[in-house]
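**Student:** Pasting the sequence and the predicted model now:
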Amino acid sequence: MRLSSPIPVSARSAVRARLPSRGWPVLDWPQRRFRVGQPLRLDSAWPVGERTTADSDDALFVTGDALDVVAKLFGHGYESKAKVVYLDPPFFSQEDYVHEARLDGHADGRVVRTDAFQDRWGASDAAPYLEMLAPRLEAAVRLLRADGTLWLHLDYRAAYFARLLLEEIMGPRAFLNEIVWRRAPNLGRQAASHQFGRTLDTILVYGGPDAKLVPPTRLEPIEAAAIRFDDEGRPFTSAPRGDYTDASVAKLAAEGRVHTSASGKVYIKYFLVKNADDVWCRERRIDALWTDIPPLRHAAASERTGYPTQKPLALLERIIAAASDPGDLVIDLFAGSGTTGEAAYRLGRRFVLGDRGAVSRATARARLWRAGVPLKIIQETEPLGYQAAIASVERLGLLSRRVILSAPKDPLAWAVGGMDGDTFVIHWHAERKLGVRGKGIAMESPPIEVGGPLVVRAYADDGCVWQSTLEASAR
């Protein structure tokens, strides 16, 4: 995607006034500038760290900071290929976030807590945060097709800064929407805070010159007293013509969608359909105020991974469905729990996820395996020294073997496979089943019919990896 021509001085000055003139300092987040027009330094090799037997380039997880992920993707021809880029970066909240894994449900309170990530920037001034965000937005934009859209998810703390950054990068004409999502009801501490509850998130949508969105519709029940029937027996409700032109009214009249009252007033007819509860409803296009997607706390327990900033699956499904077609590529550079990947897979889209966090990698891996995604992990940067998994192997036949895992006791996921050079090729895997009641994870594999040594990898909630190599032996 081509970046914008110079932006208005007012917007440029408003952003740069917050950025120190000394350049891009080195903080915890990599701060190097992703310079447009300059060649990227790519790794000479881009090894695959893991893959399933159903290997596919349609489902990738790239380990690393967003800038590193984009550089690696460029090395494999992903520049200007994405139809959707969704970004859910830190919100400038100045808080620490903890992942909570419930091992046996709510009854006995067995919870494993792990530090997920920090969203602290050292000062109340936004400059360090913007210095992190700006180059990553520049990099993300270069992944978009001419008809692609970038969705940046923030809240009141940084959304207004981010809009100025995006208009500097892409130009004011690239702005499509500012979507407001009510992520929580106004209850408890928010309602008693002596201000209007801060219950909203902002999603900024920018697009290329050919970008078009297809907003979904929803069914709104209509009161029985407002329902009329035309001469053909079709139920409808009506509304004043509003700002429809005479030409538009004439076109609607030809379609049988104009109702004229006894006094001569013109109304537009909206035909009704029944919902699943057999109630007559009007089908309405969804606008930029999203109040119909409930917060994650109201989602099924099987969806909640314990990742602290996880977004509802329904939210990402709406974004992806409105902005792409089946087969299109969706990229998320701050993948978190992997919601974008699962939503893309369910809707028939290809996807690439990226995140530098070990907890994110562990959570997303298990989640996508649970969803049946043939996940491939690229540039895996696990510690060189794995913790030793305790496992044994039972021979069932000439090539058939079963693996029993003894430690770690409560893995998030584990897999049995073999090594192909530096690549771990997975033959079978199991993941913890989420839910209100504990369901545990299978600690024995089914019969695996392959020759050679078997490699066992177990993944913990904190991102640690346990590994052992097993030779066939009798039990």
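**Tutor:** Looks like it came in fine.

**Student:** Residue 272 is in contact with residue 284, isn't it?
**Tutor:** No: applying C-beta atoms under 8 Å as the test, residue 272 and residue 284 come out as separate, 11.4 Å apart. C-beta coordinates here come from the backbone N, C-alpha and C atoms, glycine included.

**Student:** quick one, which of these two is more surrounded?
**Tutor:** More crowded of residue 272 and residue 284, by other C-beta atoms under 10 Å: residue 272, with 23 against 12.

**Student:** Could I get the pLDDT score of the more buried one?
**Tutor:** Listed pLDDT for residue 272 reads 94.

**Student:** go on, residue 230?
**Tutor:** Looking at residue 230, its pLDDT reads 87.

**Student:** Report the contact partners of it.
**Tutor:** Listed by C-beta atoms under 8 Å, 6 or more residues apart in numbering, the contact set of residue 230 reads 236, 256, 259, 269.

**Student:** which SS state does the first one fall under?
**Tutor:** Meaning residue 236. Secondary structure, DSSP: H, G, I helix; E, B strand; the rest coil: residue 236 is strand.

**Student:** Need the per-residue pLDDT for it.
**Tutor:** If you check residue 236, the pLDDT there is 93.

**Student:** Next: the second one.
**Tutor:** Per-residue confidence (pLDDT) for residue 256: 88.

**Student:** Strands of the stretch 151-300 of the chain, start to end?
**Tutor:** Using DSSP state E, counting those that start in this stretch, the strands found in the stretch 151-300 of the chain span residues 175-182, 200-207, 217-221, 228-229, 235-240, 258-260, 266-274, 280-285, 289-290.

**Student:** Once you drop chain neighbours, what's closest to the residue most central in space within the chain?
**Tutor:** With distances taken as C-alpha atoms, centre = their mean, residue 340 lies nearest the centre of the chain, 2.7 Å away. Taking C-beta to C-beta, 6 or more residues apart in numbering as the measure, residue 340 lies nearest to residue 332, with 3.9 Å between them; neighbours along the chain are not counted.

**Student:** returning to that earlier point: can you add distance to residue 363 and give the contacts of residue 230 back as JSON lines?
**Tutor:** Shown next, in JSON lines, are the contacts of residue 230 (distance: C-beta to C-beta, whole Å):
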{"residue": "236", "distance to residue 363": "48"}
{"residue": "256", "distance to residue 363": "53"}
{"residue": "259", "distance to residue 363": "54"}
{"residue": "269", "distance to residue 363": "49"}
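
**Student:** ok, of the residues you listed, which one's closest to residue 96?
**Tutor:** residue 236 (54.6 Å; C-beta to C-beta).

**Student:** Got the domain ranges for this protein?
**Tutor:** Domain ranges of the chain: 9-213+288-378, 217-285, 387-470, per automatic domain parsing.

**Student:** Could you list the low-pLDDT ranges of the stretch 301-450 of the chain?
**Tutor:** Across the stretch 301-450 of the chain, residues meeting the criterion (pLDDT under 70) sit at 378-385, 436-439.
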